[in-house]
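Student: Take a look and give me a structure for this.
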Amino acid sequence: MANKYDHPEYREAVFHLSCELDIPDRVFMPIRNLVACSLGRIFWNDWRKQDAKDPEWMPTPGDHEDPQWHRIDGWPEQGDGHLSRKWSRRADLWLQWHSIDAWHVLDWLVSAQSDGHAWIANVDASGYPKKLTKCHTLERLVHEATKGLRQRNIKDIILGPEDENFAYDLGAGHTLVQLLSRSALRMEGLRMRHCIGHGGYDELLNEPECGFFSVRNENGKPLATLEIRSGLIRQFCGPANAEPSSAVKNLVAGAEVAFGWKKWSERRKADDDQNYGDEALVVLRDLPPAQRRPG
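Tutor: The predicted structure is shown next:
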């Protein structure tokens, strides 16, 4: 792990991945080293493998018929800023392809840090949690995240009108309900078997640009959950983080038009760094190894 930190591009790569994850500073700061040695490490290794094949162009993964090709070298012919352009582009592509898995892992890290899970203090010689460094693929990280989040079991939640509210009639007896409280997020997470109820989203409930919504059938059963950020659909997940069915997507299309929501991939990219405070930028650009915790 230490060798990666010596590479001149490693901090640039992890910085742009952290920016692309779009985590508020107050949520990101306590877990920055956990992110660096888990998602950041795997992100870096994925691109090193790609560079060994072709450092300039790559096709969309899994598209074997007529794949879209992406330039990934940062357009060095444009001069200064080559590395920033390179890793900004790569972080954007990687999150397009792996966003659901990455945010699932992120929610686990937030929950584990908040709850003080013992595994965080069980570190290797470089000061990183062994539970994270033993995961060599994103799939393995997702597996550990799913196990870790499943350990929390919230029962006997009673919701009132202050917890969730009707938002939109989707037709065919289906409705869109806005989740307004921590209890509502807990219940949604339990019923949908995904991570919205494990604490990682609680602080966003008071953010005016954020909103959480549940697609319900005629019997009130949740079919999908949406996270909206500044009018953009940041996440749209079915049960157990599966992709929603085509029928559910079609139902939600009316709400997208009504509320003016756009896909996350359609957002206007902000200038690098402008959404981060000075303190966060210093940490992001110079991520040190985690300090050992007392046994």
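Student: Now do the contacts for K263.
Tutor: If you count contacts by Cβ atoms under 8 Å, 6 or more residues apart in numbering, K263 has them with 232-233. In short, each C-beta sits where N, CA and C put it, glycine included.
Student: And E20, by the same measure?
Tutor: Applying Cβ under 8 Å, 6+ apart, one finds that E20 lies in contact with 88, 91-92, 94-95.
Student: where do the helices sit along the stretch 51-200 of the chain?
Tutor: Counting by DSSP state H, counting those that start in this stretch, one finds helices in the stretch 51-200 of the chain at the ranges 82-115, 130-133, 138-150, 182-192.
Student: Now the terminal residues of stretch 158-165, how far apart.
Tutor: End-to-end distance for stretch 158-165: 14 Å, by Cα to Cα, to the nearest Å.
Student: in that stretch, what's buried?
Tutor: Under the neighbour-count criterion of 16 or more other Cβ atoms under 10 Å, stretch 158-165 has 163-164 buried.
Student: pLDDT averaged over that stretch - what is it?
Tutor: Mean pLDDT, stretch 158-165: 86.
Student: returning to what we had before: of all the helices of the stretch 51-200 of the chain, which one is nearest W47?
Tutor: helix 82-115 (5.7 Å; Cβ to Cβ).
Student: Quick one: residues contacting the residue nearest to W75 when sequence neighbours are not counted.
Tutor: Residue nearest to W75 in three dimensions, not counting chain neighbours: R85, with 5.9 Å by Cβ to Cβ, 6 or more residues apart in numbering. By Cβ under 8 Å, 6+ apart, R85 lies in contact with 74-75, 78.
Student: What's the separation between D80 and P161?
Tutor: Counting by Cβ to Cβ, to the nearest Å, the gap between D80 and P161 amounts to 56 Å.
Student: ok, now K263?
Tutor: Relative to P161, K263 is positioned 31 Å away (criterion: Cβ to Cβ).
Student: do the same with N122
Tutor: The separation that N122 has from P161, given Cβ to Cβ, amounts to 44 Å.
Student: Same check on P244?
Tutor: Distance of P244 to P161, computed by Cβ to Cβ: 27 Å.
Student: As a check, name the ranges of all strands in the protein.
Tutor: 57-59, 69-71, 164-171, 174-179, 210-216, 222-229, 232-237, 262-263 (DSSP state E).
Student: The shortest one pairs with which strands, parallel or anti?
Tutor: As defined by DSSP bridges, the strand partners of strand 262-263 come to strand 232-237 (parallel).
Student: which residues touch the partner strand?
Tutor: Contacts for strand 232-237 (Cβ under 8 Å, 6+ apart): 22, 99-100, 103, 192, 194, 224-228, 243-244, 249, 252, 256, 261-264, 266-267.
Student: now those: which count as buried?
Tutor: Applying the neighbour count, that is 16+ other Cβ under 10 Å, the buried entries in the contacts of strand 232-237 are 22, 99-100, 103, 192, 194, 224-228, 244, 252, 256, 261, 264.
Student: Return the member of the residues you listed nearest to P8.
Tutor: For the buried ones among the contacts of strand 232-237, with P8 as the reference and Cβ to Cβ as the criterion, the closest is D22, at 25.7 Å.
Student: Would you agree the closest one is in contact with R229?
Tutor: Yes. At 7.2 Å, D22 and R229 qualify as touching, with contact defined as Cβ atoms under 8 Å.
Student: separation between L109 and A36?
Tutor: Between L109 and A36 the distance, using Cβ to Cβ, works out to 11 Å.
Student: What is the neighbour count of S265?
Tutor: Residues near S265, counting by other Cβ atoms under 10 Å, number 11.
Student: need the contact list for the residue nearest to the spatial centre of the chain.
Tutor: For the chain, the residue sitting closest to the mean C-alpha position, by Cα atoms, centre = their mean, is W103 at 2.3 Å. W103 makes contact with 21, 235, according to Cβ under 8 Å, 6+ apart.
Student: same thing with the one 3 residues further on?
Tutor: L106 makes contacts with 21, 23, 31, 35, 39, 200, as judged by Cβ under 8 Å, 6+ apart.
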